[in-house]
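Peer 1: Curious how this folds, go ahead:
(one chain, ligands or ions: 1)
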Amino acid sequence: MEEEKEDSIGGNVIVLCRFRPLNEREAISGELININISDDNKNISLHSSTESGEPLKFCFDYVFPTTSKQNLVYEKSAKPIVEAVMQGFNGTVFAYGQTSSGKTYTMTGPDLEDPISMGVIPRMVSTVFDMISNSDPYIEYAVKVSYAEIYLEKIKDLLDISKTNLKVHEDKTRGVFIAELTERYVATETDVYEIMKFGLDNRNVGSTNMNSQSSRSHSIFIITITQTNNRDYIAKTGKLYLVDLAGSEKVGKTGATGKRLDEAKNINKSLTMLGLVIYSLTDGKSTHIPYRDSKLTRVLQDSLGGNSKTALIVTCSPALYNEAETISTLRFGMRAKAIKNTPKINREYTVAELKLMLAKLREEMAKKDRRIKMLEDQVKALGGKVPDVMIKEVKFDDEREIEHEPNKNDDYEEIIAELEDVRTKLAEEVRISNKRETEIKERIEDLTICNAKIVQLNQEIKFLKEKMPENDFSIQERENLLERLLVTKEALEADRFSLNQKIIDLEKKLGEKDAEILELSNKGPSGQSRNSINNFKDLLKSEREINSGYQKEIQQLRQNVSDLLNKRCPDAKINEILRDDISRKERDKWMEERKKIILDLQNRIDRVTELEVALDDAKDSYKTLESYMSEGERSLKKKTDTLERNLEQLTLMYHQLVSQKSQLGVDKQLADKRLHRIMDKNKSLDEENARLNSLYEQAEAKIAQMNNKESFHDKNPRASIGVLNIKKTIRGGNPSSKRPSITHSKSPFSED
Ligand SMILES: Nc1ncnc2c1ncn2[C@@H]1O[C@H](COP(=O)(O)OP(=O)(O)OP(=O)(O)O)[C@@H](O)[C@H]1O
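Peer 2: Got it, this is the predicted structure:
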């Protein structure tokens with residue numbers, strides 16, 4: 001069932017009040033109740049003849065004065081209800097009032113087929129067939145009618161008087177219903193009137209002082225309209241309850257005695273119970289509604305506070321003689337106005353709609369299969385095991401399947417909901433496992449990078465260690481060379497010193513000789529002296545020659561020193577000396593470099609130590625990770641086991657579903673075949689029916705002739721209606737379902 005979407009008349013019971021004209025007896029006294037009806041026909045103000053003070057106020061959805069015509073009553077009260085029924089809602093129209101207040105006149109009317117005086121029920125029937133003939137041709141209708149009465153707390157079937165005590169049942173799909181009540185398919189308005197007349201003939205009526213044809217029972221006429229849309233395959237069923245209640249009356253006034261008195265007591269009891277139910281529904285305190293205390297309230301359970309759109313017409317007499325009953329009726333109506341119903345569209349699943357659902361389910365299952373496959377792959381990838389599927393054949397007995405057909409969709413929905421639930425859980429677990437796996441992979445990557453760095457550093461350390469002796473050797477060689485150079489230099493310095501010493505000695509001797517010569521020159525020449533001078537000069541000359549020899553010798557010595565130096569210090573030597581400086585610088589540089597290398601080495605060693613510490617840490621965390629991993633593995637294993645079990649269950653369910661699906665397919669085919677057979681049978685039965693009808697009509701005509709137009713019904717009331725009850729499907733837009741004479745919606749007799 002679907003929640004109500006558009007509700008033109010809301011959930012409240014609509015209550016209308018109708019005053020009938022004075023009857024002949026009342027007209028004699030001509031005394032009327034002091035009543036004022038507001039201009040909008042919604043409010044009544046009543047000046048009681050017995051109570052002084054403020055007038056009594058009553059408010060209704062519409063108040064019909066005595067002059068109101070049948071057509072207007074129908075338009076205001078029942079038309080919105082029948083329209084709702086045609087949308088798939090349940091509807092109820094019922095009349096309540098004292099005996100002879102005009103209930104039957106309002107509900108049925110004096111003539112079922114008279115367009116002016118016909119009551120609410122025939123007008124509703126007319127509207128139903130009007131709407132069918134105006135609807136789309138792809139909508140198929142099936143209309144059924146039933147007729148029952150409640151008499152002395154027993155439900156009687158008016159279409160089969162052998163059924164005298166029917167029970168009221170209730171279920172989820174049908175709501176409250178009278179079990180085993182005869183249902184007749186109808187295809188035209190005439191069919192309905194025929195059946196109504198038949199039922200009316202079987203109804204309990206008895207005269208009272210108030211009404212010569214007073215109805216002593218509550219009558220319930222039920223029209224069930226099922227419509228199937230052949231485009232979207234949606235089927236809806238609206239049920240219309242048309243209730244004509246027995247009159248509420250004061251026993252003393254009616255002059256009832258014996259059986260009539262018992263009837264009156266019973267009627268009053270059931271109406272009192274109706275009043276009590278309405279009171280309980282509206283007082284805002286009651287937790288229990290006494291529907292089961294009378295048959296009437298039980299049958300009207302959905303109409304009062306349940307799944308129905310309900311209209312109540314309260315009928316009143318305007319005669320002062322009936323003032324007390326009228327006030328009581330008006331109060332009853334005011335109470336009922338506060339009842340809130342919860343009408344819903346009654347949807348049913350058709351075979352075609354079920355097929356559509358099945359197709360959707362198949363699609364859904366295919367999707368789920370793909371998902372299971374993916375999950376299985378993931379479980380496998382995580383190292384889990386996917387169990388081998390055990391295919392369990394589920395075979396259903398044909399009949400048993402069909403019997404349980406209505407619950408199958410529920411089962412599927414439940415199974416699919418369960419599957420969805422399990423798969424959501426699986427997906428969540430797989431997501432967590434994937435996350436863990438990614439984390440572990442990241443850690444392993446970190447460790448791999450650390451290891452690579454350590455290997456690189458070890459190589460660098462090894463290389464440096466290999467290079468160190470080479471460097472040491474080169475430094476030693478340079479130091480040896482340097483030492484040799486220093487020794488050579490010292491020897492050369494000593495040579496140069498001794499040579500310089502000789503030069504100094506020679507220069508000193510030369511200076512002494514020069515001084516002697518100068519002294520001799522200063523003493524002057526004499527003979528002797530001259531001789532001496534000459535001797536001296538000669539001496540000087542020789543001295544000079546000696547001196548010059550010395551000079552030469554010095555020169556030679558210098559040359560020799562130089563040569564010696566050149567000889568002892570060749571280019572290579574000079575180069576060596578020159579390189580001495582460079583070596584020193586280089587040595588300094590090397591020392592610097594060495595320091596640097598040692599420092600670098602130290603740093604690297606520190607770094608290695610650091611890395612070793614980091615490695616140890618990493619190893620520790622790796623170990624922790626490993627233990628964590630093994631823990632994870634354990635929980636993963638656990639989960640995998642759970643997953644495996646889930647998968648096993650899923651697989652089982654899946655195969656059950658597959659088997660059910662295929663079984664359903666077979667069933668659908670069987671159902672289709674059966675449907676075709678039934679349709680064929682239906683067709684031949686329709687033909688047979690038409691043939692029998694014509695025979696029947698011919699027979700009736702003959703009987704009518706034979707009995708000189710004497711009424712067949714008056715003399716021979718039928719125990720059950722003699723029409724074959726075959727389902728008559730009416731297509732929307734089919735004008736044959738309408739009687740051409742009744743064109744209610746545009747009635748020329750409308751009083752408005
Ligand atoms: N609105 C009306 N206009 C003309 N006549 C009416 C109207 N209402 C009722 N009557 C007449 O009053 C009489 C009693 O009406 P009716 O039988 O409908 O009353 P009732 O409430 O059904 O009585 P009961 O409870 O005994 O069945 C009938 O003769 C009917 O034709």
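Peer 1: wait, what's in contact with the closest residue to residue 120 other than its chain neighbours?
Peer 2: Residue nearest to residue 120 in three dimensions, not counting chain neighbours: residue 78, with 4.6 Å by CB to CB, 6 or more residues apart in numbering. The way it works is simple: take the backbone N, C-alpha and C, and place the C-beta from them, glycine included. The contact partners of residue 78, by CB atoms under 8 Å, 6 or more residues apart in numbering, come to 93, 120, 123, 124, 311.
Peer 1: can you tell me how far residue 483 sits from residue 154?
Peer 2: Distance of residue 483 to residue 154, given as CB to CB, to the nearest Å: 144 Å.
Peer 1: of those two, who's got more company?
Peer 2: Set residue 483 next to residue 154 and count neighbours by other CB atoms under 10 Å: residue 154 wins out with 13 against 10.
Peer 1: related to what we said a few turns ago, narrow the contacts of residue 78 to those that are buried.
Peer 2: Listed as buried from the contacts of residue 78 are 93, 120, 123, 124, 311; burial here means 16 or more other CB atoms under 10 Å.
Peer 1: out of these, who's nearest residue 362?
Peer 2: Among the buried ones among the contacts of residue 78, residue 124 lies closest to residue 362 (CB to CB), at 43.6 Å.
Peer 1: right, and that closest one touches residue 225 too?
Peer 2: No - applying CB atoms under 8 Å as the test, residue 124 and residue 225 come out as separate, 10.8 Å apart.
Peer 1: Which neighbours do those two have in common?
Peer 2: Shared contacts of residue 124 and residue 225, defined by CB under 8 Å, 6+ apart, are found at residue 240.
Peer 1: residue contacts, residue 45?
Peer 2: Here residue 45 is in contact with 35, 36, 38, 55, 56, 57, 58 (CB under 8 Å, 6+ apart).
Peer 1: Give me the three-state assignment for it.
Peer 2: The assignment at residue 45 comes out as strand when based on DSSP: H, G, I helix; E, B strand; the rest coil.
Peer 1: before we move on, what about residue 192?
Peer 2: Residue 192 is classified as helix under three-state DSSP.
Peer 1: same thing with residue 22?
Peer 2: Under three-state DSSP, residue 22 comes out as coil.
Peer 1: if we can go back for a sec, out of the contacts of residue 45, which are buried?
Peer 2: By 16+ other CB under 10 Å, the contacts of residue 45 give 35, 56, 58 as buried.
Peer 1: for the last one, which residues make a bridge with it?
Peer 2: It refers to residue 58. residue 44 (DSSP bridges).
Peer 1: got it, and residue 146?
Peer 2: Beta bridges link residue 146 to residue 222 when assigned by DSSP bridges.
Peer 1: Quickly note the distance from it to the ligand.
Peer 2: 21 Å (CB to the nearest ligand atom, to the nearest Å).
Peer 1: returning to what we had before: I'd like the buried ones among the contacts of residue 78 as CSV, with distance to the ligand, secondary structure and pLDDT appended.
Peer 2: Formatted as CSV, those follow (distance: CB to the nearest ligand atom, whole Å; DSSP: H, G, I helix; E, B strand; the rest coil; pLDDT from 0 to 100):
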residue, distance to the ligand, secondary structure, pLDDT
93, 14, strand, 94
120, 12, helix, 94
123, 15, helix, 95
124, 17, helix, 94
311, 17, strand, 93
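Peer 1: Spatially, which two of those residues are the most separated?
Peer 2: 123 and 311 (12.9 Å).
Peer 1: Enumerate the residues of the stretch 1-150 of the chain near the ligand.
Peer 2: The stretch 1-150 of the chain comes close to the ligand at residues 20, 21, 23, 97, 99, 100, 101, 102, 103, 104, 105, 110, as judged by CB under 6 Å from any ligand atom.
Peer 1: These in strands, which ones?
Peer 2: Using DSSP state E, the subset of these located in strands is residue 97.
Peer 1: For PyMOL, write the select line for the buried members of the residues of the stretch 1-150 of the chain next to the ligand.
Peer 2: Buried members of these, defined by 16+ other CB under 10 Å, are picked up in PyMOL with:
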select buried, resi 20+97+99+100+101+102+103+104+105
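Peer 1: Just send the residues of the stretch 1-150 of the chain next to the ligand back as TSV, with pLDDT too.
Peer 2: As requested, those are exported to TSV (pLDDT from 0 to 100):
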residue	pLDDT
20	95
21	94
23	89
97	92
99	87
100	88
101	93
102	94
103	92
104	91
105	94
110	91
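Peer 1: any chance of the residues of the stretch 1-150 of the chain next to the ligand in CSV, plus distance to residue 338?
Peer 2: Below are those laid out as CSV (distance: CB to CB, whole Å):
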residue, distance to residue 338
20, 25
21, 30
23, 32
97, 19
99, 26
100, 28
101, 22
102, 24
103, 22
104, 27
105, 27
110, 33
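Peer 1: which residues are in contact with whichever strand or helix holds residue 27?
Peer 2: Assessed by DSSP states H and E, residue 27 sits inside helix 24-29. With CB under 8 Å, 6+ apart as the test, helix 24-29 has contacts from 317, 319, 320, 321, 322.
Peer 1: Skipping its backbone neighbours, what lies nearest the third one in space?
Peer 2: Read it as residue 320. residue 31 (3.9 Å).
Peer 1: check contacts around the residue nearest to residue 139 when sequence neighbours are not counted.
Peer 2: Computed as CB to CB, 6+ apart, the closest residue to residue 139 that is not its neighbour in sequence is residue 732, at 4.0 Å. Going by CB under 8 Å, 6+ apart, residue 732 touches 132, 133, 134, 135, 136, 137, 138, 139, 140, 141.
Peer 1: closest to the ligand among those residues?
Peer 2: Set against the ligand, the nearest of the contacts of residue 732 by CB to the nearest ligand atom is residue 132 (29.1 Å).
Peer 1: thought that closest one was touching residue 140?
Peer 2: No - counting by CB under 8 Å, residue 132 stays clear of residue 140, with 9.7 Å between them.
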